[in-house]
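K.L.:
Quick one, fold the following:
(one chain, ligands or ions: 1)
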Amino acid sequence: MRIFSGIQPTGRKHLGNYIGAIRQYVAGQDRGEAIYCIVDLHAITVAYEPAALRRSVYDTAAILLAAGLDPSRCIFFRQGDLTEHPELCWLLSSVTAYGELTRMTQFKEKSGQQRELVSAGLFFYPVLQVADVLAYRATEVPVGEDQRQHVELMRDVAERFNARFGDVLVAPEVRTPAVGARIMDLQFPDRKMSTTGGSPQGTVHVLDEPEVVIKKFRSAVTDSGSDVRRGPDKPGISNLIEILAAVREISPEEVEREFDGSGYGAFKQAVGDAVVDCLAPVRERYDPIRADERTIEGTLVEGAEKARAIASPTLAEVREAMGVGPVRPGG
Ligand code: TYM
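P.N.:
Prediction:
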């Protein structure tokens, strides 16, 4: 099995990223050949500062390393180190429907948030993401629920390519966690927790101080009842149940049973404490890792070499199948 996933270097990583994705990346190292990428080329599709982008790549790399990515057990690299991703993006654009891209939820959301420029890059974002995965012929893509549509696009593009040009690419499967695939904002539980669209009090960051985490959970929006149980009328409590189940690695039913009759105050305190415990090891390891930029840079550059060794032959086959570029000897 070959696992591939990517993560944006923008902003600070939050609990949704951690439960929905980062924990799955760490587990993936024991389940197969794991490849993870910080997607700086995706980050330039919205307004950004070049120097801040470089810092954010290191911040994100340090969080992933602190969370348990081990460069000796996975390939960990920066997307922009390789020319294969944007090249494959362009080649695959010829088998991607314009209509498919106009239906992408993330594009609709993000294009609505831009103040000055809705870049063509933002529209093409999903094609680059398709290329990220197909360049490695990955079989599995661990992501949160919000990325499911992009992984479905990968499958459609791979199948269309193979039908048109022969069996070169692999259609990957999506993998979302059973619990915690869509963590919601603590203040607005009808919106997902997010770097760009979330509320400051409702977004728990991986590196938040314990007191800050506890405070955010204490002030989490609930509802007028007092039962700790899930339901469409109880989005706030449902989200907290899901978070506690995810961090303790138990089922939501077990959480409901344990907190039956205990009231919202005690329950919110328990969720806050459990999240603090879950994030503590990452926060403790982060500072020394982040301080050593040279080592982080070296790790990413080494990772890029290993990534290139896989992506480059795929690109040669894709070019050959499509009849573009130089004729390969024996091709
Ligand atoms: P990004 O950086 O926005 O998010 C990283 C991962 O975190 C997940 N996630 C969540 N999971 C649960 N609850 C939430 N509230 C929540 N918010 C975010 C996301 O689903 C994601 O898995 N387009 C991707 C980056 C990407 C990529 C790829 C992913 C680029 N190339 C190739 C997979 C394969 C993104 O924006 O992730």
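K.L.:
tell me which parts of the stretch 1-150 of the chain are close to the ligand?
P.N.:
4-8, 16-17, 20-21, 39, 42, 129, 132-133, 141, 143-144, 146-147 (CB under 6 Å from any ligand atom). For the C-beta atoms, the positions are set from N, CA and C on the backbone; glycine is no exception.
K.L.:
Would you mind checking the average pLDDT for the helix or strand Pro86 falls within?
P.N.:
Applying DSSP states H and E as the criterion places Pro86 in helix 84-93. Averaged across helix 84-93, pLDDT comes to 98.
K.L.:
Can you give me the buried ones in it?
P.N.:
Residues of helix 84-93 classed as buried: Glu84, His85, Pro86, Glu87, Leu88, Cys89, Leu91, Leu92, Ser93 (neighbour count, 16 or more other CB atoms under 10 Å).
K.L.:
Buried only: go through the residues of the stretch 1-150 of the chain next to the ligand for me.
P.N.:
Buried among those (16+ other CB under 10 Å): 4-8, 16-17, 20-21, 39, 42, 129, 132-133, 141, 143-144, 146-147.
K.L.:
in the stretch 151-300 of the chain, which spans are helices?
P.N.:
210-218, 235-248, 252-258, 264-291, 293-322 (DSSP state H, counting those that start in this stretch).
K.L.:
what's the second one packed up against?
P.N.:
The one in question is helix 235-248. Contacts defined by 3 or more CB pairs under 8 Å, 6 or more residues apart in numbering; DSSP states H and E place helix 235-248 against helix 252-258, helix 264-291.
K.L.:
and Ser224, which of the ones you listed is closest to it?
P.N.:
helix 264-291 (10.3 Å; CB to CB).
K.L.:
and the angle from the closest one to helix 210-218?
P.N.:
With axes from the mean of the first three to the mean of the last three CA atoms, to 10 degrees applied, the angle from helix 264-291 to helix 210-218 works out at 140 degrees.
K.L.:
still on that earlier bit, could you list which of the buried ones among the residues of the stretch 1-150 of the chain next to the ligand belong to strands?
P.N.:
Among those, DSSP state E puts Phe4, Ser5, Gly6, Ile7, Val141 in strands.
K.L.:
Contacts only, for the last one.
P.N.:
So that's Val141. Val141 makes contact with Ile3, Phe4, Ser5, Val133, Gln147, Val151, Met154, Pro172, Glu173, Val174, Arg175, according to CB atoms under 8 Å, 6 or more residues apart in numbering.
K.L.:
Looking at the residues you listed, which one is closest to Arg308?
P.N.:
Distances from Arg308 to the contacts of Val141, taken by CB to CB, are shortest for Phe4, at 14.3 Å.
K.L.:
For Glu320, see how far away the nearest residue in space to the closest one that is not next to it in sequence is.
P.N.:
Once flanking residues are discounted, Phe4 sits nearest to Ala138: 3.6 Å by CB to CB, 6 or more residues apart in numbering. Distance of Ala138 to Glu320, given as CB to CB, to the nearest Å: 21 Å.
K.L.:
more neighbours, those two?
P.N.:
Neighbours per residue, other CB atoms under 10 Å: of Ala138 and Glu320, the larger number sits with Ala138, 23 against 17.
K.L.:
Domain-wise, how is this structure divided?
P.N.:
2-175+293-322, 210-287 (automatic domain parsing).
K.L.:
Gln201 is nearest to which of these?
P.N.:
Nearest of the domains of the chain (CB to CB): domain 210-287, 5.9 Å.
K.L.:
Is that closest one in proximity to the ligand?
P.N.:
No: residues of domain 210-287 contacting the ligand under CB under 6 Å from any ligand atom: none, with a closest distance of 9.2 Å.
K.L.:
Buried residues in the following helix or strand past the helix holding Pro86, which are they?
P.N.:
As assigned by DSSP H and E, the chain's next helix or strand after helix 84-93 is helix 98-102. Neighbour counts using 16+ other CB under 10 Å place Glu100, Leu101 of helix 98-102 among the buried residues.
K.L.:
Report the mean per-residue pLDDT for helix 98-102.
P.N.:
96.
K.L.:
Stretch 44-56 too?
P.N.:
So the average pLDDT for stretch 44-56 ends up being 96.
K.L.:
do the same with stretch 241-261
P.N.:
The pLDDT scores in stretch 241-261 average 96.
K.L.:
Residue of the stretch 101-250 of the chain nearest the ligand, please.
P.N.:
Gly144 (2.3 Å; CB to the nearest ligand atom).
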